[in-house]
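1. Sequence plus the predicted model coming up.
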Amino acid sequence: MKTIIAGNFKANLTRKQVMAYTQGLEKFLESQCADSIQNHKLQVNIFPSHTALLGNTFAYFHIGTQNGYFATSGGFTGEIGLLQLQEFGINRILIGHSERRNLLGEDSECIAKKFRFYAEAGFEIYYCIGEDLHTRQKGEGALKDFLHTQLANIDVSYSKLIVAYEPIWAIGTGVSASMEQIEQTHSILAQMTQDPLLYGGSVNADNAGEILKIPNVNGVLVGSASLEVDSFAKIIQVAL
Ligand code: PGA
């Protein structure tokens, strides 16, 4: 199975910055990773903010969207629809990120609607799941139930589905889950779904190598450490 490295920029970087970033990333990938990408061993994606979406025309990486409304277009103030995404050739989307669930109030019904809509549109869907600290502390049974509930919300047999396990307590904290915790959780997830499994939560160039060696980890979803092209490139390099 190929290794997937994805960068979630969140509400960071301006359009101008993303334009410079993409030039740097394309150059790096062309010189260091062309074979792995062409042989489908490595896939690189970035998810910039909506004002920084660029045409999805790069040779070595894909641009995806951090969000999309479950409509082609219409009266949905502040949202972005399929038509706007298609104009940029975007066909990858993050759904279910804990910041959208917890800060922006997306409930499981809204997430399920987004999933169905973008699956119908043929998008590659990066479906994010992960427990809070309270659930983690309740033990393995509670963790299993929680992950099972989040997966039960969508069709895990969708062929273009990638599941990103991102424990909420490890996101943006600088403290990743331990290797044992990642191994344990990914082995639980591998029993629930055949889809590629990414780990996310304080991944950086120092821990990515070890994380990517864990069984049932097929890639990483990176926030903070993806914001500078050099740091993101170092993570990609350890995946080679
Ligand atoms: P982080 O974010 O790498 O900054 O922890 C990961 C994410 O939220 O996808």
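-> That came through, no problem.

2. Contact partners for the residue in the chain positioned nearest to the ligand?
-> With C-beta to the nearest ligand atom as the measure, residue 223 is the residue of the chain nearest to the ligand, at 2.2 Å. C-beta here means a position set from N, CA and C on the backbone, and glycine is covered the same way. Under the criterion of C-beta atoms under 8 Å, 6 or more residues apart in numbering, the neighbours of residue 223 are 7, 8, 10, 171, 172, 200.

3. again, 6 Å this time
-> Shown in contact with residue 223 (C-beta atoms under 6 Å, 6 or more residues apart in numbering): residue 8.

4. per-residue confidence at it?
-> Looking at residue 223, its pLDDT reads 98.

5. At the contact with the ligand, which residues of this protein appear?
-> 8, 166, 171-172, 200-203, 221-225 (C-beta under 6 Å from any ligand atom).

6. What are the buried residues along stretch 154-165?
-> Of all the residues in stretch 154-165, those buried under the rule 16 or more other C-beta atoms under 10 Å are 154, 158, 161, 162, 163, 164, 165.

7. C-terminal to the strand or helix carrying the fifth one, what's the next element?
-> When elements are assigned from DSSP states H and E, residue 163 belongs to strand 161-165. Following strand 161-165 in sequence order, the next helix or strand is helix 179-192 (DSSP H and E).

8. Could you list every helix and strand that that next one packs against?
-> Secondary-structure packing of helix 179-192 (3 or more C-beta pairs under 6 Å, 6 or more residues apart in numbering; DSSP states H and E): strand 197-200.

9. what about dumping the CA coordinates of the strand it packs on to CSV?
-> Taking C-alpha atoms only, strand 197-200 is exported to CSV below (Å, rounded to 0.1, in the frame of the first residue of the first chain):
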residue,chain,number,x,y,z
LEU,A,197,-5.2,4.6,8.0
LEU,A,198,-3.3,7.8,8.6
TYR,A,199,-2.2,9.0,12.0
GLY,A,200,-2.4,12.7,12.9
